[in-house]
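Chemist: Next one to model:
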Amino acid sequence: MSLEEVNEKLVNVNTLLGKNVIGAGAKLIGNVIGVEAELLPEWKITHLHVSLTEEATRDLGYKKPFFGSVGVLLPVSLAKAVADVITLDKKLEELRDVVEPMKK
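Modeler: Numbering: from 1, shown residues only. Just a heads-up that it's a prediction; the model follows:
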């Protein structure tokens, strides 16, 4: 693999922050506020930290806090495409058994 090919596959984490996350069916789920990385045996991003919209919070069965929003860990394996937004290959309703609350 050439250096150009490697550079095309590399992404600065900061470019992911703030991107909207859209489920299959074009429903806004939330936006990226961070990432979760696995360090061993090799560095890789495993999950996106996503701040849920009010509608997604309700649909996924979480209770909205008085201040702020609910954050969840979304496996990166669900991302179908990353461009101006991150598109998932699952609908919001299908995420209930896949996402987990963010660690505090």
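
Chemist: from here on, contacts and neighbour counts on C-alpha atoms
Modeler: Will do.

Chemist: can you pull out the strands in the protein?
Modeler: Ranges of strands in the chain, per DSSP state E, are 20-23, 27-38, 44-52, 71-75, 79-82, 86-88, 100-101.

Chemist: What sits closest to the residue positioned nearest the centre of the chain if chain neighbours are left out?
Modeler: Centroid check for the chain by CA atoms, centre = their mean gives L48 as the closest residue, at 3.7 Å. Among residues not flanking L48 along the chain, V35 sits closest, at 4.5 Å (CA to CA, 6 or more residues apart in numbering).

Chemist: got the contact list for L16?
Modeler: Contacts for L16 (CA atoms under 8 Å, 6 or more residues apart in numbering) come out as V32.

Chemist: what's the distance between it and T87?
Modeler: Distance, L16 to T87, by CA to CA, to the nearest Å: 12 Å.

Chemist: Likewise for S69?
Modeler: Applying CA to CA, the value for S69 to T87 is 21 Å.

Chemist: what number of residues lie near L39?
Modeler: Around L39 there are 10 other residues, counting by other CA atoms under 10 Å.

Chemist: Next: A37.
Modeler: 13.

Chemist: That one against L73, yeah?
Modeler: No. Contact criterion CA atoms under 8 Å: A37 and L73 do not qualify, at 11.3 Å.

Chemist: joint contacts of these two?
Modeler: With CA under 8 Å, 6+ apart, A37 and L73 have common neighbours H47.

Chemist: could you dump the strands of the chain to TSV with mean pLDDT and distance to Y62?
Modeler: Below are those laid out as TSV (pLDDT from 0 to 100; distance: least, CA to CA, whole Å):
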stretch	mean pLDDT	distance to Y62
strand 20-23	96	18
strand 27-38	94	13
strand 44-52	93	10
strand 71-75	94	10
strand 79-82	90	22
strand 86-88	94	20
strand 100-101	84	9
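
Chemist: Redo those strands as a markdown table? Include distance to K64.
Modeler: Converted to a markdown table, these look like this (distance: least, CA to CA, whole Å):
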| stretch | distance to K64 |
| --- | --- |
| strand 20-23 | 18 |
| strand 27-38 | 13 |
| strand 44-52 | 9 |
| strand 71-75 | 10 |
| strand 79-82 | 25 |
| strand 86-88 | 23 |
| strand 100-101 | 13 |
